[in-house]
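J.: Need coordinates for the below:
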Amino acid sequence: MDLGLNLGYSGSSIGEVLPLVTHADRVGLDSVWAAEAYGSDVVTVLSYLAARTERIKVGSAVMQMPARTPANTAMTAMTLDHLSGGRLLLGLGLSGPQVVEGWHGVPYGKPLGRTREYVEIVRKAIAREEPLSHEGTHYEIPYRGADATGLGKPLKSILHPLRPTIPIYLAAVGPRNTALAAEIADGWLPIFYSPEREAILTEHLDAGLAAAGRDPADLDIAATVYAAAGDDVQACRDRLKPMLALYVGGMGSRDKNFYKDLMVRYGYEAAAQRIQDHYLAGHKAEAAAAVPDELVDEIALVGPLDRIVDRLAAWRESRVGTLILGTQQPEILEPIRDALG
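T.: Modelled structure (predicted):
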């Protein structure tokens with residue numbers, strides 16, 4: 001199992017987390033990942049990290065598809081891959097309707113069809129085997145709409161790719177998006193993964209693999225697990241609960257929240273509803289307090305290092321190929337690396 005590091009939305013604090021990243025690079029972690037939502041962008045952060053490290057892979061978790069045309073994403077990926085010496089892992093995701101329509105100002109549309117076409121175009125552009133063209137339901141290249149000039153023609157990137165294929169990871173939470181990731185991506189980026197309940201997730205993953213005739217070994221499950229180490233187990237749990245409350249209670253609307261739906265599928269329906277009710281009422285402390293200890297223990301790594309190392313046994317037995325730590329504690333990286341072998 002490979003070990004990664006997740007920095008989250010770290011654009012404004014990159015100077016603070018850089019020592020953690022260089023330490024991860026030095027002790028042999030496989031990858032470091034950064035995110036974007038509606039603040040700092042992920043490309044700038046990864047460019048900076050690639051310039052300040054030597055061997056660690058740099059991954060986007062995720063680069064938002066609605067923010068960029070597929071060709072722009074391909075250009076960015078090829079450029080970052082060159083600058084990093086072939087270390088890019090291209091993580092893509094749709095985000096949710098609130099961000100897509102409320103921030104980027106584009107329609108959320110039909111996410112499954114859009115994602116399928118997007119990934120196909122990105123791969124074509126990077127492969128550079130022929131001029132880029134695509135005629136689909138969601139994308140038309142060259143554009144030939146009613147307001148087109150008629151001057152567009154298929155083009156090849158003037159930048160030759162360092163690698164003709166760059167690994168593409170898809171972030172997905174819902175059943176159909178998860179199946180699509182298994183069908184078309186090189187890796188899957190799940191959040192709040194439960195090794196004991198992974199059958200709830202892999203049921204849809206396996207459906208996608210079967211639809212594409214793919215071997216499960218061809219798909220890297222790269223799961224982010226948040227970690228908080230310390231002598232007081234309850235205090236460590238409580239450090240992570242506000243983040244969980246934000247996702248379950250506030251990431252989305254009352255009727256459409258992918259993370260709340262996942263908690264319900266895990267069997268925490270009553271707790272998920274309490275978290276959302278508190279959060280949407282503006283009672284964030286109460287929402288955090290409503291997060292069950294059992295849920296934190298299940299999807300995170302908390303407490304003394306020996307407790308965390310013992311908990312890794314469940315992850316080693318899971319189908320996860322890359323364990324991505326969400327932490328800012330450099331002292332836990334090497335013990336976890338050694339425990340994973």
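J.: for the record, mean pLDDT for the longest strand anywhere in the chain?
T.: Longest strand in the chain by number of residues, with DSSP state E as the criterion: strand 220-229. Strand 220-229 comes out with an average pLDDT of 98.
J.: what's the answer for stretch 105-115, then?
T.: Per-residue pLDDT values across stretch 105-115 average out to 95.
J.: how much distance is there from it to the middle of the chain?
T.: Using C-alpha atoms, centre = their mean, to the nearest Å, the mean C-alpha position of stretch 105-115 is found 18 Å from that of the whole chain.
J.: Buried residues, stretch 248-268. List them.
T.: Of the residues in stretch 248-268, those buried by neighbour count under the rule 16 or more other C-beta atoms under 10 Å are 248-252, 257-266, 268. Bear in mind the C-beta positions are built from the backbone N, C-alpha and C, glycine included.
J.: end to end, how far does it reach?
T.: Using C-alpha to C-alpha, to the nearest Å, the span of stretch 248-268 from its first residue to its last is 11 Å.
J.: which residues sit against it?
T.: When contacts are defined by C-beta atoms under 8 Å, 6 or more residues apart in numbering, stretch 248-268 is touched by residues 96-98, 173-174, 191-192, 194, 197, 200, 247, 269, 271-272, 275-276, 278-280, 287, 291-292, 295, 298.
J.: in the chain, what spans have low per-residue confidence?
T.: In the predicted model, the chain carries no residue with pLDDT under 70.
J.: circling back: give me the distance between the longest strand of the chain and the centre of its chain.
T.: Its chain's C-alpha centre and that of strand 220-229 lie 11 Å apart, by C-alpha atoms, centre = their mean.
J.: Could you do stretch 160-169 as well?
T.: For stretch 160-169, the distance between its averaged C-alpha position and the chain's averaged C-alpha position is 18 Å (C-alpha atoms, centre = their mean).
J.: Please save the CA atoms from it in CSV.
T.: What follows is stretch 160-169 as a C-alpha-only set of coordinates in CSV (Å, rounded to 0.1, in the frame of the first residue of the first chain):
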residue,chain,number,x,y,z
HIS,A,160,4.5,17.5,-26.8
PRO,A,161,3.5,15.6,-23.7
LEU,A,162,6.3,14.2,-21.5
ARG,A,163,4.1,11.1,-21.1
PRO,A,164,1.4,10.1,-23.6
THR,A,165,-0.9,9.1,-20.7
ILE,A,166,-1.2,10.8,-17.3
PRO,A,167,-3.0,8.9,-14.6
ILE,A,168,-6.5,10.2,-14.2
TYR,A,169,-8.3,9.8,-10.8
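J.: in that stretch, what's buried?
T.: Buried residues in stretch 160-169, counted by 16+ other C-beta under 10 Å: 161-162, 166-169.
J.: One more: stretch 265-283?
T.: Neighbour-count burial for stretch 265-283, with 16+ other C-beta under 10 Å as criterion, is recorded at 265-266, 268, 271-276, 278-279.
J.: farthest-separated two in those residues?
T.: The most widely separated members of the buried residues of stretch 265-283, counting by C-beta to C-beta, are Arg265 and His278 (20.7 Å).
J.: thinking again about what came up before, closest to Ile56 among the buried residues of stretch 160-169?
T.: Pro167 (14.7 Å).
J.: hang on, that closest one packs against Leu90?
T.: Yes: under the criterion of C-beta atoms under 8 Å, Pro167 is in contact with Leu90, at a separation of 6.6 Å.
J.: Look at Gly4 and give its secondary structure.
T.: The assignment at Gly4 comes out as strand when based on DSSP: H, G, I helix; E, B strand; the rest coil.
J.: Wait, it touches Gly59, no?
T.: Yes: contact between Gly4 and Gly59 holds when scored by C-beta under 8 Å: they sit 7.2 Å apart.
J.: the longest helix in the chain is where?
T.: Of all the segments of type helix in the chain, defined by DSSP state H, the longest one is helix 111-127.
J.: need the strands for the stretch 151-300 of the chain, in chain order.
T.: Under the criterion DSSP state E, counting those that start in this stretch, strands of the stretch 151-300 of the chain are mapped to 168-171, 187-189, 220-229, 300-303.
J.: between those, which gets nearest to Leu80?
T.: Comparing the strands of the stretch 151-300 of the chain under C-beta to C-beta, the one sitting nearest is strand 168-171, at 13.2 Å.
J.: Please name every helix or strand in contact with that closest one.
T.: strand 88-93, helix 111-127, helix 175-184, strand 187-189 (3 or more C-beta pairs under 8 Å, 6 or more residues apart in numbering; DSSP states H and E).
J.: which stretch among the ones you listed comes nearest Leu305?
T.: Distances from Leu305 to each of these were compared by C-beta to C-beta, and the smallest falls on strand 187-189, at 26.2 Å.
J.: Run me through the strand neighbours of the closest one, direction for each.
T.: Strands adjacent to strand 187-189 in the sheet, as given by DSSP bridges, are strand 168-171 (parallel), strand 220-229 (parallel).
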